[in-house]
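Q: model this:
(chains A and B)
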Amino acid sequence: NAGVMQNPRHLVRRRGQEARLRCSPMKGHSHVYWYRQLPEEGLKFMVYLQKENIIDESGMPKERFSAEFPKEGPSILRIQQVVRGDSAAYFCASSPVQGSNQPQHFGDGTRLSIL
Amino acid sequence: DAKTTQPNSMESNEEEPVHLPCNHSTISGTDYIHWYRQLPSQGPEYVIHGLTSNVNNRMASLAIAEDRKSSTLILHRATLRDAAVYYCILRANAGGTSYGKLTFGQGTILTVHP
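A: Presented below is the predicted three-dimensional model:
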């Protein structure tokens, strides 16, 4: 079974441009989570989605960031008008169901660099 | 979320067992204890989880103290590929939207010497 697929693996944007990060969860997984890892910092939760619904966006910056997980297709994390501080590794994880005893399966991330 | 405390770093020799400790004195009765690891340039990888009893899987063992205020991840024979940052995470039981997320601390950097 294919794991969580994220693309692109590396993305370079200039300040002010838009960045779109894609995440295809494992087959049969309907729960998706996005995390961000800033340079020299730990992983921070951003948003949790379940097919077409945002369940928890408590970690999302209030402006410029949005996420979706449509009925068909991958989950998308969108960053508008990127700034240097958005440079980070963005990881997506998925699980088949929700529950505190359920592991999350991670992709290898998208490394976003802002020029 | 209840907090965990781990040593910043540990070292081991290849082929030797490694015991990675984690303190979680404020754990609640229904919190699960999860361990993940992150190899360089990769996403986190699930290792093991447990609630009260010790657990074993193909990757590791998890020993949970009787009072659940601490736990130890055991790698029975370390290999060079086990060099990673190991995270001990408490997950609250279902009952609110916050139980979906994983709260990562700084973890323990494990160095394995040949």
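
Q: which stretches of chain B have low pLDDT?
A: In the prediction, chain B carries residues with pLDDT under 70 at positions B:1-2, B:93-99.

Q: could you count how many residues lie near whatever residue of it ends up closest to chain A?
A: Here chain B gets closest to chain A at one residue, residue B:43, 3.5 Å apart by CB to the nearest CB. For the C-beta atoms, the positions are set from N, CA and C on the backbone; glycine is no exception. Close neighbours of residue B:43, defined as other CB atoms under 10 Å in any protein chain shown, add up to 23.

Q: how about the one 3 residues further on?
A: Applying other CB under 10 Å, we find 19 residues neighbouring residue B:46.

Q: got a list of what the residue nearest to it when sequence neighbours are not counted touches?
A: Using CB to CB, 6 or more residues apart in numbering or on different chains and skipping residues adjacent in sequence, the residue nearest residue B:46 is residue A:103, 3.9 Å away. By CB atoms under 8 Å, 6 or more residues apart in numbering or on different chains, the contact list for residue A:103 reads A:95, B:34, B:46, B:49.

Q: by neighbour count, which of those wins?
A: residue B:34 (23 neighbours).

Q: residue A:12 versus that residue, what's the distance?
A: Residue B:34 sits 34 Å away from residue A:12, going by CB to CB, to the nearest Å.

Q: need the residues of chain B near chain A, please.
A: With the criterion set to CB under 8 Å from any CB of the partner chain, chain B comes near chain A through B:30-32, B:34, B:38, B:41-46, B:49, B:51, B:91-94, B:97-107.

Q: show me which of the residues you listed are buried.
A: Neighbour-count burial (16 or more other CB atoms under 10 Å in any protein chain shown) applied to those gives B:31-32, B:34, B:38, B:43-44, B:46, B:49, B:91-92, B:99-105, B:107.

Q: residue B:54: neighbour count?
A: Residue B:54: 12 neighbours (other CB under 10 Å).

Q: surely it touches residue B:65?
A: No. Taking CB atoms under 8 Å as the definition, residue B:54 is not a contact partner of residue B:65, at 10.1 Å.

Q: can you show me the strands along chain A?
A: A:5-7, A:10-13, A:19-24, A:31-37, A:43-50, A:53-56, A:65-68, A:75-79, A:88-95, A:105-106, A:110-114 (DSSP state E).

Q: does the fifth one reach chain B?
A: Yes. Contact between strand A:43-50 and chain B, assessed by CB under 8 Å from any CB, occurs at A:43, A:44, A:45, A:48.

Q: now those in a markdown table, with pLDDT?
A: A markdown table is the format used below for those (pLDDT from 0 to 100):
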| residue | pLDDT |
| --- | --- |
| A:43 | 94 |
| A:44 | 95 |
| A:45 | 95 |
| A:48 | 94 |
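
Q: report back the residue of chain A that's furthest from centre.
A: Most distant from the centre of chain A: residue A:101, at 21.6 Å, with distances by CA atoms, centre = their mean.

Q: grab the most central residue of chain A for me.
A: residue A:34 (3.5 Å).

Q: for chain B, what's its nearest residue on chain A.
A: residue A:106 (3.5 Å).

Q: surely that residue touches residue A:93?
A: Yes. Using CB under 8 Å, residue A:106 is in contact with residue A:93, at 4.5 Å.
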